[in-house]
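Visitor: okay, here's the prediction I keep looking at, along with the sequence it came from:
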Amino acid sequence: MEQILSFISENIIFIFLISMMIILGFEVISNVPAVLHTPLMSGANAIHGVVIIGAIIVMGEAESDNYLALTLGFLAVILGTLNVVGGFVVTDRMLEMFKRKKKN
């Protein structure tokens, strides 16, 4: 218990910043109109491609016998790729809604 209290007292500013980021993020996202929510979220998913680059760097720098780093890096590459592709799929579906339909 004493270790937990000392950790909290040493990192009180970081805890405050994280709690403020959570509150601010919730307020910003909750005030976005429904029409803009899907394009913004798909764009945010595409930005997460940085995860793929970071995972590739981790895997490249890891030693060949460090299976934990290699496994986590591989998993991050797979999940990051799914996130980016999913973002583009959602954007494409959203943009399809705004196209004019052809008359027969």
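Guide: Structure received. Residues are numbered from 1 along each chain as shown.
Visitor: got a list of what Ile56 touches?
Guide: Ile56 is in contact with Gly73, Val77, counting by Cβ atoms under 8 Å, 6 or more residues apart in numbering. For every residue, glycine as well, the C-beta is placed using N, CA and C.
Visitor: and it, what's its pLDDT?
Guide: With respect to pLDDT, Ile56 has a value of 91.
Visitor: check the one 4 residues further on too.
Guide: Residue-level confidence at Gly60 comes out at 90, pLDDT.
Visitor: host element of it?
Guide: helix 49-61 (DSSP states H and E).
Visitor: pull that helix out as PDB, backbone CA atoms only.
Guide: Taking C-alpha atoms only, helix 49-61 is exported to PDB below (Å, rounded to 0.1, in the frame of the first residue of the first chain):
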ATOM      1  CA  GLY A  49      -0.400   3.700 -39.200                       C
ATOM      2  CA  VAL A  50       2.400   5.100 -36.900                       C
ATOM      3  CA  VAL A  51       1.800   2.000 -34.800                       C
ATOM      4  CA  ILE A  52       2.900  -0.100 -37.800                       C
ATOM      5  CA  ILE A  53       6.100   1.800 -38.300                       C
ATOM      6  CA  GLY A  54       6.900   1.600 -34.500                       C
ATOM      7  CA  ALA A  55       6.300  -2.100 -34.500                       C
ATOM      8  CA  ILE A  56       8.500  -2.700 -37.400                       C
ATOM      9  CA  ILE A  57      11.300  -0.700 -35.700                       C
ATOM     10  CA  VAL A  58      10.800  -2.700 -32.500                       C
ATOM     11  CA  MET A  59      11.000  -5.900 -34.400                       C
ATOM     12  CA  GLY A  60      14.100  -4.700 -36.300                       C
ATOM     13  CA  GLU A  61      15.900  -3.700 -33.200                       C
END
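Visitor: buried residues, it. List them.
Guide: Neighbour-count burial for helix 49-61, counted by 16 or more other Cβ atoms under 10 Å, picks out Val51, Ile52, Ala55, Val58, Met59.
Visitor: cool, thanks, signing off.
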